[in-house]
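Peer 1: quick one, structure for this:
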Amino acid sequence: MKFVETTEAPETLNVLLYGPPGTGKTCGACSAPGPILVLNAEGPGAIRYARSVYGDAVREVVVEGGETLDEAYLYLKDGEGGEKTVVLDTIGEMYRTLLEGFGGPRPTLQNYGDVNTKLERFIRALRDLNLNVILVAHEQVDDEGGEVTRRPATGGKKLPEQVMAQVDVVAYTGIVPATDDAPRRYVGQLIEAAGRRAKDRTGALGDIRDLDLSEWIATAAEAMAPSTNGKPKEKA
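Peer 2: Take a look at the predicted model:
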């Protein structure tokens, strides 16, 4: 057997943000460390506000089909652009775009399977690069025996669970209304509650956290740093 040696704390994080429209998903995704490459499948205005906030740190490519994903992967693997983060916005629209390219107006069951495989493998390949990978999705609301479950709308029946398994953090986005004493907050829910799928593999981010992904990544890196005294670290 070959034992895995203790390494330095990981400096990157893979995050899935999903939730209703207008809850800060795209802008939150672009709060990750830059430079950032955004693969935009949502249309020309989708990241306009995020670019107004983060400026030249955000670089945008329009997803036109499977070739875009192949080109983006080779570009990011090469590393010459210096990107620290890649954002996929949104997974569901990427699925739709790929399906149109694979099967046209009347896709077959085989086309659906091919698109599922293409996206799952693309996300897995990005995950293995030395980059922060931020996935953005709308929410899918399902009634399961009278219980409402909210999960990321990725397209496909199996893809939501596959995508959630690929990432370190799954956060459901929402807004905490302003009060007389505090401004409105855009936040991510990081534990499963009220039928909302979520997870935090780092164990460091708590139940709810403001959508500042640079801060999430720094906090997670500190929490996942190996112990220096041979004793387990106390949980936050």
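Peer 1: could you use CA atoms for every contact and neighbour count after this?
Peer 2: Noted.
Peer 1: tell me which element residue 171 falls in.
Peer 2: Residue 171 is part of strand 169-176, with elements assigned from DSSP states H and E.
Peer 1: after that strand, which helix or strand is next?
Peer 2: strand 185-189.
Peer 1: packing partners of the helix or strand just after that following strand?
Peer 2: For strand 185-189, the following helix or strand on the C-terminal side (DSSP H and E) is strand 199-200. If contacts are counted by 3 or more Cα pairs under 8 Å, 6 or more residues apart in numbering; DSSP states H and E, strand 199-200 sits against strand 169-176.
Peer 1: what lines up beside the strand it packs on in the sheet?
Peer 2: Under the criterion DSSP bridges, strand 169-176 sits next to strand 14-19 (parallel), strand 185-189 (antiparallel), strand 199-200 (antiparallel) in its sheet.
Peer 1: these: which one's closest to residue 26?
Peer 2: Residue 26 lies closest to strand 14-19 among the strands paired with strand 169-176, at 8.6 Å (Cα to Cα).
Peer 1: show me what that closest one is in contact with.
Peer 2: Contacting residues not belonging to strand 14-19 are listed as 25, 29, 127, 132-139, 151-153, 164, 166-174, 188 [Cα atoms under 8 Å, 6 or more residues apart in numbering].
Peer 1: for the helix or strand where residue 136 lies, give me every contacting residue.
Peer 2: Per DSSP H and E: residue 136 is located in strand 132-144. Residues from elsewhere that reach strand 132-144 (Cα under 8 Å, 6+ apart): 12-21, 25-26, 29, 32-33, 84-92, 126-127, 148-154.
Peer 1: got the angle between it and strand 14-19?
Peer 2: 40 degrees (axes from the mean of the first three to the mean of the last three Cα atoms, to 10 degrees).
Peer 1: from the chain's centre, how far out does strand 132-144 sit?
Peer 2: 9 Å (Cα atoms, centre = their mean, to the nearest Å).
Peer 1: contacts made by stretch 46-63 with the rest, please.
Peer 2: With Cα under 8 Å, 6+ apart as the criterion, stretch 46-63 contacts 26-27, 30-31, 34-41, 43, 68-69, 94, 97.
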